[in-house]
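Trainee: can't give you the sequence, but here's the structure:
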């Protein structure tokens, strides 16, 4: 056999073999990297994972997709969506533990390996309820409850607070058929910029507000840090209104983010899309001319309802 004949025979032999999985999974990994780093409408949930600093989609998507998987696109988006929901609901209920979270991803990986999309929610829900149950020392905890959510905000990390309100603002813009006030990335990742977005306390630390809580400083600090009593403002706006009475702060919330503007009466005047939003999603949004303990409690229930809708 000549060298050319041997080479041709070898080529025929290689071409007749089944394709190795390596090129498929390499290409899939590259697709994930692009979706992770760039905001793509098709794989928006993977971009959300990046904003949260979670690299779990690389493990779970590669596990869920079989060789040349015909449902690849659907699985990528579904995995990103389930990771976002899982992590966010744990955070909102003060049930997140980084070590347990990491361990749970391997169990989820086994359950969804080469499986269909309709199995994903059950796999994630099993870990979600187990972690919340362990945190609350109860059996069969709900995926999201007000009892677990009630103090949410006090122990949340700053990045997640920014992410949470960025998602709310994005949701409001979509449902009211208006443009977002800002792209989501700078809302979440301020990178230490003075004029980046910062967490704003609606209740300034002053004597007037302290009196609303009977001078109880510990209670005042807890209440002013709940999700119902904070929002996002650009750094300079936040600094300029830092110690103002609530009535003055309201003025600085105009033309900022959609969520901030729900405190203002002008946001409801002849706004049919706002009315439809409230009816469709059972949202008890209302302008607030004053802000004290009752308003904190009422306002705090709204993020819970929005979380139920966004992460349904």
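Mentor: Structure received. The shown structure was predicted, so the numbers you read here are calculated from the model rather than taken from an experiment.

Trainee: and the lengthiest helix in the chain, which residues are buried?
Mentor: Scanning the chain for the longest helix, with DSSP state H as the assignment, gives helix 72-92. Residues of helix 72-92 classed as buried: 72, 75-92 (neighbour count, 16 or more other C-beta atoms under 10 Å). Where C-beta positions appear, they are placed from N, C-alpha and C, glycine not excepted.

Trainee: helix or strand right after it?
Mentor: With elements assigned by DSSP states H and E, the helix or strand that comes after helix 72-92 is helix 98-112.

Trainee: what helices or strands is that next one leaning on?
Mentor: helix 56-64, helix 72-92, helix 120-136 (3 or more C-beta pairs under 8 Å, 6 or more residues apart in numbering; DSSP states H and E).

Trainee: among those, where is the model least confident on average?
Mentor: Of all these, the minimum mean pLDDT falls on helix 120-136 (a mean of 94).

Trainee: now the longest helix of the chain against helix 56-64, angle please.
Mentor: 130 degrees (axes from the mean of the first three to the mean of the last three C-alpha atoms, to 10 degrees).

Trainee: before we move on, the earlier item: including distance to residue 223, could the helices and strands packed on helix 98-112 go into a markdown table?
Mentor: Supplementary listing: those in a markdown table, determined by distance: least, C-beta to C-beta, whole Å:
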| stretch | distance to residue 223 |
| --- | --- |
| helix 56-64 | 34 |
| helix 72-92 | 17 |
| helix 120-136 | 22 |
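
Trainee: how about the ones you listed, which one is nearest residue 243?
Mentor: For those, proximity to residue 243 was assessed by C-beta to C-beta; helix 72-92 is nearest, at 29.0 Å.

Trainee: gap between the closest one and the chain center?
Mentor: 9 Å (C-alpha atoms, centre = their mean, to the nearest Å).

Trainee: now stretch 134-148
Mentor: Centre to centre, stretch against its chain (C-alpha atoms, centre = their mean), the figure for stretch 134-148 is 19 Å.

Trainee: hmm, who's touching that stretch?
Mentor: 89, 92-95, 97, 100, 125, 128-129, 132-133, 301, 304, 307-308, 311 (C-beta atoms under 8 Å, 6 or more residues apart in numbering).

Trainee: so where's the stretch 101-250 of the chain uncertain?
Mentor: 191-194, 236-242 (pLDDT under 70).
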